[in-house]
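Trainee: Any chance you can model this:
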Amino acid sequence: MFISKEEIKTHLYDYQVDQITDNDDSIVTSAIDTAVSEVKSYLANRYDVDTIFAATGSERSALIVEHVKVCAVYHLLLLCNVDAIYERYEKAYERSTKFLQQVADGLLSPDLPYLQTGNGSPTGTIQLKSNPKFVHSF
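Mentor: Below is the predicted model:
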């Protein structure tokens, strides 16, 4: 698993997680898996998500870990809002998804491994275009 229940403590207290899930760790695992899948879906077109999410401990990207935590907490709070300020987490989730969308669109480029072609060169989305042909009519 990319993050653990223990790592969610930076966003929700233990008692909140336990009350929301009724002490069922499978619900936390499901929220984390959903969050990982969501973040992967934003990154998959440009970045090597297998390498990114296979990393463990300090090898993980702190930025991606933070976004996965935000998404996981948001998915937990959809189940039940126990002593947590829902609007605060909703705004954090919206900021996180906006960031991920900008990464997906190529507007932001975090320090993550790119997808590679068979010969080892990074893949890219380069578009070559030109203006329409200009015709003189004298």
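Trainee: alpha carbons only for contacts and neighbour counts from here, please
Mentor: Noted.
Trainee: show me what contacts Pro70?
Mentor: No Pro there; residue 70 is Val. Neighbour list for Val70: 11, 89, 92-93, 96 [criterion: Cα atoms under 8 Å, 6 or more residues apart in numbering].
Trainee: please redo it, this time with the cut-off set to 6 Å
Mentor: Contacts for Val70 (Cα atoms under 6 Å, 6 or more residues apart in numbering) come out as Tyr93.
Trainee: so is it in a helix, a strand, or just coil?
Mentor: helix (DSSP: H, G, I helix; E, B strand; the rest coil).
Trainee: what does the one 5 residues further on give?
Mentor: Using three-state DSSP, the secondary structure recorded for His75 is helix.
Trainee: Now do the contacts for the residue nearest to Cys71 when sequence neighbours are not counted.
Mentor: Distance criterion Cα to Cα, 6 or more residues apart in numbering; nearest residue to Cys71, sequence neighbours excluded, is Ala35 at 5.1 Å. Shown in contact with Ala35 (Cα under 6 Å, 6+ apart): 68, 71-72.
Trainee: how near is Ala35 to Ser41?
Mentor: According to Cα to Cα, to the nearest Å, Ala35 stands 10 Å off from Ser41.
Trainee: Show me which residues of whichever helix or strand the residue nearest to Cys71 is part of are buried.
Mentor: For Ala35, the host element (DSSP states H and E) is helix 25-43. By neighbour count on 16 or more other Cα atoms under 10 Å, the buried set for helix 25-43 is 27-29, 31-36, 38-40, 42-43.
Trainee: Pick out the most distant pair among those.
Mentor: Spatial extent of those (Cα to Cα) is set by the pair Ile27 and Leu43 at 24.6 Å.
Trainee: All the helices of the chain, residue numbers only.
Mentor: For the chain, applying DSSP state H gives helices covering 14-21, 25-43, 49-54, 62-79, 86-105.
Trainee: Show residues contacting the last one.
Mentor: By Cα under 6 Å, 6+ apart, the surrounding residues in contact with helix 86-105 are 42-43, 67, 70, 108-109.
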